[in-house]
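Asker: Quick one, what's the 3D model for this:
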Amino acid sequence: MAHKHKVVIIGGGTAGIMVAARFLKMKAPVQLTVVEPADTHWYQPAWTLVGAGAYDMKKTARPMADVMPKGVEWVKDYVTGFNPDTNTISTARSGDIPYDYLVVAPGLVMEPSMIEGLAEAMDKGVVCSNYTNPEHTWDVIRNFKGGHAVFTQPVTPIKCGGAPQKIAYLAADYFRMHNMQDKVKVTFATPGSVIFGVKCIADTLTKVIQRYNIDFKPFYAPVRIDAANQKITFKNIAPNQNQCIVNESGEQVQQPGQPSEIVMHYDMLHIAPPQAAPAFVRNSVLANEAGWLDVDINTLQHKKYPNIFGLGDVAALPTAKTGAAIRKQVPVLINNIMHMIRDHKIGNKIYEGYSSCPLVTGYGKMVLAEFNYKNEFTPDPKLKQMLVFDSSKESWRLWMLKKYGLPHLYWNKMLKGAEV
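Answerer: Numbers count the residues shown, from 1 in each chain. Now for the predicted structure:
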């Protein structure tokens, strides 16, 4: 019997399960081990809809045992470190695990401590986050009686960069549907310079912002939350654009020559917490200076250790961290490992940075941003089969894709190793 190469996969999220399932589907000559401590596998893309009362949280969860592909060894444990010189990883309880090839896909972790006061405030009272507790977000939105609703995101990379603005649009639509628009001011504050990096999508979203009368604040980086007084402090990260500070009376005071701080009162606050690679990755020899897994952005091979690959949210790839990106990364990674097994060198297949962000713009409305490393709009030709001829425009059909089509594709195709 031919020798089976031992492939160890760290992570039982979207990336890890897809890689394992695909290897099995193609009957590759590999022995697969998945290291994953969690009991539950979550379909997090639907959490945006949960936060707006449009999806059942229970439907986003499945037991990890149900999605773990049959035929893999599941080590239910935490990885604690890497030993690339001996081709082993360390775990909390299971000792060292050897590998021929290692796939690093543990996702990322929430790090609310990176914003002063956030850890104490998060998911309590009127502070909410779809990233951690979307059911609490829904409670906050439906119990909101009026005032200033603030939506914001951190300077770190985050899962699905569009999610913080999606819930702002859904909340604004909810307030409008309940005749609250005169009682509510909605602000979307972001450290970014534009509402979205792909121009045709940004043009559509600018109209959405105008429709809901949302106050859009670019260059605003959240640095501090005072939950007791319902205040959030932003640092203006483009001081030349807006060198001012807002004092307690609401007056803007010029502060020439120094970065400004802006203090904003909120009656409800939705925030995406800062996010980072898990500590065992960011503190390891596999990380780059920013703490993310240091892989080649096209081949997904580690820059220093040729038998280590990485994909998904943990990887240092300059594109949006989404399940859609993983869908395009998996075939490249598997192709390269198979070439390494056969030829001791990687293949020709490359990942060009594809990602997609389903931007829900209201109840029953969505645009679909698909793009690559160059921020070029790259819509899937299959959308025409759904009679969607311009996915940069709002569409009810795209909302149906988000609510029904994509979850079905995820559970029944992607996690089963099908080519999608």
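Asker: drop to CA atoms for contacts and neighbour counts, all remaining ones
Answerer: Will do.
Asker: Which parts of the stretch 1-150 of the chain are strands?
Answerer: With DSSP state E, counting those that start in this stretch as the criterion, the stretch 1-150 of the chain has strands at 5-10, 30-35, 40-42, 61-63, 73-75, 79-83, 88-91, 96-98, 101-104, 109-110, 127-128, 147-152.
Asker: ok, now which ones touch the spatially closest residue to Arg93 that is not a sequence neighbour?
Answerer: Nearest residue to Arg93, sequence neighbours excluded (Cα to Cα, 6 or more residues apart in numbering): Asp77, at 6.6 Å. By Cα atoms under 8 Å, 6 or more residues apart in numbering, the contact list for Asp77 reads Val35, Glu36, Pro37, Thr91, Ala92, Arg93, Ser94.
Asker: Tell me, how many residues neighbour the last one?
Answerer: In other words, Ser94. Neighbourhood size, Ser94 [other Cα atoms under 10 Å]: 12.
Asker: Leaving out chain neighbours, which residue sits closest to it?
Answerer: Spatially, and ignoring its direct neighbours in sequence, Ser94 is nearest to Asp77 (7.0 Å; Cα to Cα, 6+ apart).
Asker: neighbouring contacts of stretch 59-73?
Answerer: 12, 17, 20-21, 24, 31-34, 38-44, 46-47, 74, 415-416.
Asker: What would that stretch look like as PDB? C-alpha coordinates only.
Answerer: Taking Å, rounded to 0.1, in the frame of the first residue of the first chain, the C-alpha atoms of stretch 59-73 are listed here in PDB:
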ATOM      1  CA  LYS A  59     -30.100  27.600  12.700                       C
ATOM      2  CA  THR A  60     -26.500  29.000  12.600                       C
ATOM      3  CA  ALA A  61     -25.200  26.200  14.900                       C
ATOM      4  CA  ARG A  62     -24.400  22.500  14.300                       C
ATOM      5  CA  PRO A  63     -22.500  20.100  16.500                       C
ATOM      6  CA  MET A  64     -18.800  19.900  15.400                       C
ATOM      7  CA  ALA A  65     -19.200  16.100  15.300                       C
ATOM      8  CA  ASP A  66     -21.800  16.500  12.600                       C
ATOM      9  CA  VAL A  67     -19.600  18.600  10.300                       C
ATOM     10  CA  MET A  68     -16.300  16.800  11.000                       C
ATOM     11  CA  PRO A  69     -15.700  14.700   7.800                       C
ATOM     12  CA  LYS A  70     -15.800  11.000   8.300                       C
ATOM     13  CA  GLY A  71     -12.400   9.600   7.800                       C
ATOM     14  CA  VAL A  72     -10.400  12.200   9.700                       C
ATOM     15  CA  GLU A  73      -8.800  11.800  13.100                       C
END
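Asker: List the buried residues in it.
Answerer: Thr60, Met64, Val67, Met68, Pro69, Val72 (16 or more other Cα atoms under 10 Å).
Asker: how close does the last one get to Glu419?
Answerer: Val72 is 19 Å from Glu419, where distance means Cα to Cα, to the nearest Å.
Asker: would you say Val281 is within a strand?
Answerer: No - using DSSP: H, G, I helix; E, B strand; the rest coil, the secondary structure at Val281 is helix, not a strand.
Asker: Tell me, how many residues neighbour the closest residue to it other than its chain neighbours?
Answerer: Spatial nearest neighbour of Val281, excluding adjacent residues (Cα to Cα, 6+ apart): Ala287 at 6.2 Å. By other Cα under 10 Å, 21 other residues sit near Ala287.
Asker: which among the buried residues of stretch 59-73 gets closest to Thr86?
Answerer: Using Cα to Cα, Val72 comes nearest to Thr86 of the buried residues of stretch 59-73, at 22.7 Å.
Asker: May I have the residues that are in contact with the nearest residue to Ala238 once chain neighbours are set aside?
Answerer: Nearest residue to Ala238, sequence neighbours excluded (Cα to Cα, 6+ apart): Phe219, at 5.8 Å. Listed by Cα under 8 Å, 6+ apart, the contact set of Phe219 reads Ala189, Thr190, Pro191, Gly192, Ser193, Asn236, Ile237, Ala238.
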